[in-house]
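# model the following, please.
(2 chains)
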Amino acid sequence: MRRRPSAALALAIAGVVGSTATASARMSADTMSAPPDEMSGIDAEWWAAAAEPYAGTTITGVSESTPPSVYAAETLAAQFEELTGIAVELEATSWDEMRNKALNDMENNTGVYDFIYVEQDIAYADIAAERLTNLSEMYADNTDLQAPGFSWDEFNTFLDNFADADGNYFGVPMEAFIKIYLYRTDLFGDADLQAAFEEQYGYPLAPATTHDQYRDIAEFFTAHGTDNDLELWGTTVQATTSHAASFYEFFESVAPTFGLYDWGINAEENFAATVDNGGAMNGPEAVAALEYWVSLLDFAPPESTSSTWDEVASTFAAGRAAQGLVYGENATWIAADGSRSSVVGNVGVAVPPLADGVLEAAESGEGYVGYYDGGAFAIPAGADDKEATLLWLQFLGLPDVQPEWAAATGRVTENATYDAPAITAIDEEVGGYFTLMQEQAQLFRGAPPFAFHSQVVSTVSPFIWSAILGDSTPQEALDAAAEATEEELTNLGYRT
Amino acid sequence: MRKRSTGWLLLAPSLVLMVLAGLVPFVYVAWTAFHRWNLNAVTRDAVFNGLDNVRRLVHDERVLDATRTTVLFAVYAVGSQLVIGYGLARLLMRRFPGRQLFRTVHTIPLLVAPIAVGATWRILLVPGLGPLPHYLEQWFGWHVDLGTSGTVAFWSLVLVDLWHWTPFVTLSLLAGLSALPVEPFEAARVDGAPAWRILWHITLPMLKPVLIATAFIRLMDALRLVDEAAMLTKGGPGDSTRFLGLQLVRIVFENNDYGYGGTVSLFALYVTLVISWALYTVTTGIKRQRAHGG
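Reported below is the predicted structural model:
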């Protein structure tokens, strides 16, 4: 048997054990106890004066244990406390645990948390349920707490994910990424492999721009791994058969590249999901996408059917895949952090492969090419120390805070960050990720504005798993998923 | 009279805690069970809906499948633990070199938290990376994949539960065996009774109270398994190891469907009570039969 656990196992285990990530900051908290030079633009006197009524307060928050949140907890919290005397306790935990705690706190108005993490795809539900504080109003009503340097205009369009219909903002973005196509530049750039690929497939080896090319490349490198007794496969696939991560990869990253948007649910047609009723969840684009995605499992490592986003990142970082769709929050450490990745310096980024017409649709604003991920910190409606927390959120939104945060963790929420020296200096090191995000992020989109997001995910996921396991064909799975979705939306009262 | 009131007074703090921590939540869950209450619905308030949730449960294949899987798991896991635990207890009754060391090492899994047990076994069993699937395939040609085989996932959980909780059964039965009087055994041996008759007619009947108590405790734990399954398989592949506890987690925490979650919670309690009653009836029925010379 050609596959053996190797030293790569140690790296892969870190992602496999759980979803709690450790800090991947390029600078440790020890070196960042004082604000760096890039933050010299902060008016320390103003902050001290504005925070004086709240000095000695401890504000508490909960977030997912992503690198940006861990950085905020370990580095930015210390800087903020030094400026203001307000202590910040940020609990970084798994997504599921974070959401449960935040939801319980908001629903019961217990006031346990002063700020919570609100992911882009959940924001609509929380805003609709009036669980969050209207930050636009709070900011406008508290002129003495309006921090110099903070402006809603500094943020990129990702901010719009946290606005209501009237344009009021309910969260301050603290992380934003695109789920990007990563590929191994060492493999793609190998002269022998290039020659062999072109001989076999009739065109040059390069990052795929179509699904057929992507599949050819996956097939090629899987065969290369087998023939040379390497732990190398052609692609990652986030195809866990017991977690919603497979739903997310399919509907948020793969389906849009075939022209299926908003999960195939048509809000303008009474939230129809079936083609018969005006939806597209079981339409030709969806079926083609699912057939393609499931077929990639033939060229993916064996752990793929147990992989969520963490495992996919670890798989790629361990050098077990030639290409894959990876969340941007992981792209930077995979490309640059030698303590966690074995492919440092050998990572390239590109827009995912697309079907005909998808790019044009995205450029016109009618469609999109993939997932724009991220989240914000928001203040629960029942929080206790809202004023102190507003200062904290504004601190996190200062332009001076962004560059080092972005360089350390790969998140960009403000337009000016792309031109910061810290970012331009490492852009090449991370495969040009920041340049691509600056130039192409507008082609990506977050989850559709569905207040029933989690319910549909839970309803549809088993059908996706069924297709992965081969228990049903993609058409059967999507037919059943679409019908179940409509039934569930009817039960919830959205479909009449 | 004064002694009785003093006794109640001393018990009062515990009773108050039990009522607050036990009875009050139970009543609240029972209340939610008869309401439509889903935070993702258009109407987020709790609305009384009579027996609609019960009707929904009766036709909910996922809950019924989860119940079936849970009961099967409990039967296999607890049954195996009782047999293996009894064997190990008998072994530890004998003197042999390293007996103390063996007893200590054998007990270590009991000290590990269930969620850590699940996480550890996940590392060992993860397809493509874990050492167990690798060497099982290399040495025996067995393809073991938790991500695609429901059978592998189910039996992996049974084995993990065996590894984790058999020491508890062993220690319980060891204590029971140690407390048995020796005279009946000596008399039986003097009379020439074979080992199996001694086991069936003397050992097991005398050990029955300990056996029943141990079985009940393990049954309660097995029927509400969540942590290890959540870490090892997350209920998958598909829904093949989505035990009733995990299904409840999905309904309440993922779907925020508190009303239906309350109904399923009551159903889980009902299943547990029925199984417990069945076990009690069977065991006490055997006792009555023996008492009447059957």
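# skipping its backbone neighbours, what lies nearest residue 44 in space?
With no chain named, the answer covers chain A. residue A:83 (6.0 Å; C-beta to C-beta, 6 or more residues apart in numbering or on different chains). (Glycine included, C-beta is placed from N, CA and C.)
# sorry, should have said chain B
residue A:129 (6.4 Å).
# before we move on, back to that, show me what contacts the residue nearest to residue A:44?
A:35, A:42, A:44, A:47-48, A:51, A:395 (C-beta atoms under 8 Å, 6 or more residues apart in numbering or on different chains).
# what about the residue nearest to residue B:44, neighbour count?
16 (other C-beta atoms under 10 Å in any protein chain shown).
# closest residue of the stretch 101-250 of chain B to chain A?
Of all residues in the stretch 101-250 of chain B, the one sitting closest to chain A is residue B:236 (2.3 Å; C-beta to the nearest C-beta).
# pLDDT on stretch B:112-122, on average?
Summarised as a single mean, pLDDT over stretch B:112-122 is 91.
# kindly report the same for stretch A:231-248.
Mean predicted lDDT for stretch A:231-248 stands at 96.
# also stretch A:287-297?
Mean predicted lDDT for stretch A:287-297 stands at 98.
# tell me the buried residues in it?
By neighbour count, with 16 or more other C-beta atoms under 10 Å in any protein chain shown as the criterion, the buried positions of stretch A:287-297 are A:287-290, A:292-294, A:296-297.
# and stretch A:339-354, by the same measure?
So for stretch A:339-354, counting by 16+ other C-beta under 10 Å, buried means A:340-344, A:346-354.
# the closest residue to chain B within the stretch 201-350 of chain A: neighbour count?
Relative to chain B, the nearest point of the stretch 201-350 of chain A is residue A:242 (2.3 Å; C-beta to the nearest C-beta). Look at residue A:242: counted by other C-beta under 10 Å, it has 29 neighbours.
# about what we covered before: relative to chain B, which of the contacts of residue A:83 is nearest.
Using C-beta to the nearest C-beta, residue A:395 comes nearest to chain B of the contacts of residue A:83, at 31.4 Å.
# contacts for the helix or strand that the closest one is a member of, please.
Taking DSSP states H and E as the criterion, residue A:395 maps to helix A:386-396. Helix A:386-396 is contacted by residues A:47, A:50-51, A:53-54, A:57, A:59, A:61, A:72, A:76, A:79-80, A:83-84, A:86, A:88, A:114-115, A:133, A:135, A:138-139, A:142, A:145-147, A:150, A:172, A:174, A:377, A:379, A:383, A:401 when judged by C-beta under 8 Å, 6+ apart.
# which SSE is immediately downstream of it?
helix A:402-409.
# tell me the spacing between the residue nearest to residue A:44 and residue A:392.
Taking C-beta to C-beta, to the nearest Å as the measure, residue A:83 falls 10 Å from residue A:392.
# by neighbour count, which of the contacts of residue A:83 wins?
residue A:395 (27 neighbours).
# what segments of the stretch 51-200 of chain A are helices?
Here the stretch 51-200 of chain A has its helices, by DSSP state H, counting those that start in this stretch, at A:67-71, A:77-84, A:95-108, A:120-128, A:135-141, A:185-188, A:191-201.
# out of these, which is the most enclosed?
helix A:67-71 (a mean of 27; mean count of other C-beta atoms under 10 Å in any protein chain shown).
# give the other helices and strands that that helix contacts.
strand A:87-93, strand A:172-184, helix A:328-336, helix A:402-409 (3 or more C-beta pairs under 8 Å, 6 or more residues apart in numbering or on different chains; DSSP states H and E).
# what is the second one packed up against?
Helices and strands in packing contact with strand A:172-184 are listed as helix A:67-71, strand A:323-327, helix A:328-336, strand A:347-350, strand A:372-378, helix A:386-396, helix A:433-440; criterion 3+ C-beta pairs under 8 Å, 6+ apart.
# mind listing what the fourth one pairs with, with the direction of each?
Sheet pairing here is set by DSSP bridges, and for strand A:347-350 it gives strand A:172-184 (antiparallel).
# ok and the strand it pairs with relative to helix A:433-440, angle-wise?
For strand A:172-184 against helix A:433-440, the angle by axes from the mean of the first three to the mean of the last three C-alpha atoms, to 10 degrees is 110 degrees.
# by how many degrees do strand A:172-184 and helix A:402-409 diverge?
40 degrees.
# what ranges in the chain fall below the confidence cut-off?
By default, I'm working from chain A. For chain A, applying pLDDT under 70 flags the ranges A:1-39.
# could you do chain B instead?
For chain B (pLDDT under 70), the answer is B:1-3, B:286-294.
# up against chain A, what does it have?
For chain B, the residues in contact with chain A (C-beta under 8 Å from any C-beta of the partner chain) are B:38-44, B:62, B:119, B:122-123, B:126-131, B:134, B:137-138, B:145-148, B:231, B:233-239, B:241-242, B:250, B:253-257.
# among those, which lie within helices?
The members of the residues of chain B next to chain A that map onto helices under DSSP state H are B:62, B:119, B:122-123, B:131, B:134, B:137-138, B:231.
# which among these end up buried?
Among these, those classed as buried by 16+ other C-beta under 10 Å are B:119, B:122-123, B:134, B:231.
# any chance of these in TSV, plus distance to residue A:362?
Below are those laid out as TSV (distance: C-beta to C-beta, whole Å):
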residue	distance to residue A:362
B:119	40
B:122	38
B:123	40
B:134	43
B:231	39
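# from these, which two are the most distant?
Farthest-apart pair in these is B:134 and B:231; separation 20.3 Å (C-beta to C-beta).
# give me the nearest residue to residue 225, chain neighbours excluded.
No chain specified, so I'll use chain A. Closest residue to residue A:225 apart from its sequence neighbours, by C-beta to C-beta, 6+ apart: residue A:232 at 3.4 Å.
# that's the wrong chain, I meant chain B
Closest residue to residue B:225 apart from its sequence neighbours, by C-beta to C-beta, 6+ apart: residue B:243 at 5.4 Å.
# next, the contact list for that neighbour, please.
B:66, B:69-70, B:73, B:225-226, B:229, B:235.
# distance of it relative to residue B:15?
33 Å.
# how about residue A:336?
For residue A:336, the distance to residue B:15 - C-beta to C-beta - is 61 Å.
# between those two, which one's more packed in?
Remark: of residue A:336 and residue B:15, residue A:336 carries more neighbours, 21 against 11, as counted by other C-beta under 10 Å.
# residue B:44 reaches residue B:36, doesn't it?
No: counting by C-beta atoms under 8 Å, residue B:44 does not reach residue B:36; the two are 10.3 Å apart.
# centroid residue for the chain?
I went with chain A, as the question did not name one. residue A:373 (3.5 Å; C-alpha atoms, centre = their mean).
# chain B is the one I meant
Closest-to-mean residue, chain B, C-alpha atoms, centre = their mean: residue B:222 / 1.7 Å.
# tell me the phi and psi of residue A:279?
phi -90, psi -170 (degrees, to the nearest 10).
# quick check: the residue of the stretch 51-200 of chain A nearest chain B.
Closest point on the stretch 51-200 of chain A to chain B, by C-beta to the nearest C-beta, is residue A:100, at 5.3 Å.
# relative to residue B:254, how far out is that residue?
Look at residue A:100 and residue B:254: by C-beta to C-beta, they are 9 Å apart.
# now swap in residue A:382 and tell me
23 Å.
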